[in-house]
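Student: Below are the sequence and a predicted model for it; my questions follow.
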Amino acid sequence: MFGAVVVLLAVLGCESLGQVTPAPGSPTRAQLERLLAGVPTVPKRPRPGGYERGCGSGQGCVFGPAWTDDHDGPGGHDGCDSRNTVLARQLGRVRRRPGDECVVVAGELNDPYTGRRIGFDRADAKAVQIDHVYPLAAAWDMGASAWPRPLRVRFANDVEYNLLAVDGKTNEDKGDRTPGDWLPPARATRCFYAGKYLTAAGHYGLPVTAADRTALERVARDCP
């Protein structure tokens, strides 16, 4: 009985005891510290205004149409929209629409924010959503408003650096918040999230706020 409890605590990351085993694939503390050293810091998030994600009549469409394949980044111009590309990359047991290999209709997600295994069914697509790890609205405020439009479109659809399939409710809770205001609910996944966030920031020359840096430094201390 005692042995079973020990195993269960290990699986749960021992969070109830204040001990965390980072999720597989997480960066080390040293790697996170190097990433942090390469990203500039601003005192707080600017608010330049002008952010309009929508592409309807009269809307700014500042990051281009959602999930467009028409960009020069990873996964661009491959014939499949970026949303389905991310699903195909991350899900296990992937099933595709007959006659259209681009469209993912079902699969299983090891959620990188909650650590749970989630079934994906296209009929209930909101259960698994595609997150911009470095949120589009935050990127706009932190410098993307001055980028040329093709670079913003690439950023919004970059399947390598900035897009993740995640639990839908968790993604909605995150919104456009950055690490100073939001971290994944499962502590075991935070090293992975921090690495992904800082990699996206570094690749696109985006800063973090002072509050973000403090939060990410705290996360790094729990990484191996």
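Tutor: Everything's here; your move.

Student: In this protein, where's the longest strand?
Tutor: Longest strand in the chain by number of residues (criterion: DSSP state E): strand 100-110.

Student: how about it: buried residues?
Tutor: Taking 16 or more other Cβ atoms under 10 Å as the neighbour-count basis, strand 100-110 is seen to contain the buried residues 103-107, 109. Where C-beta positions appear, they are placed from N, C-alpha and C, glycine not excepted.

Student: Most widely separated two among those residues?
Tutor: Considering Cβ to Cβ, no two members of those lie farther apart than V103 and L109, which are separated by 16.5 Å.

Student: Could you pick out the longest helix of this protein?
Tutor: Longest helix in the chain by number of residues, with DSSP state H as the criterion: helix 190-204.

Student: For the next helix or strand after that helix, what is the distance to the chain centroid?
Tutor: Counting by DSSP states H and E, the next helix or strand C-terminal to helix 190-204 is strand 208-209. Its chain's average C-alpha position is 16 Å from that of strand 208-209, according to Cα atoms, centre = their mean, to the nearest Å.

Student: measure A211 to Y197 for me?
Tutor: A211 sits 13 Å away from Y197, taking Cβ to Cβ, to the nearest Å as the criterion.

Student: Overlap of the contact sets of the two?
Tutor: Among the neighbours of A211, those also in contact with Y197 (Cβ atoms under 8 Å, 6 or more residues apart in numbering) are 178-179.

Student: And those two? Which one has more around it.
Tutor: Taking other Cβ atoms under 10 Å, A211 and Y197 do not tie; Y197 has more neighbours (25 against 16).

Student: That one is in contact with V219, isn't it?
Tutor: No - here Y197 lies out of contact with V219, judged by Cβ atoms under 8 Å, at a distance of 9.6 Å.
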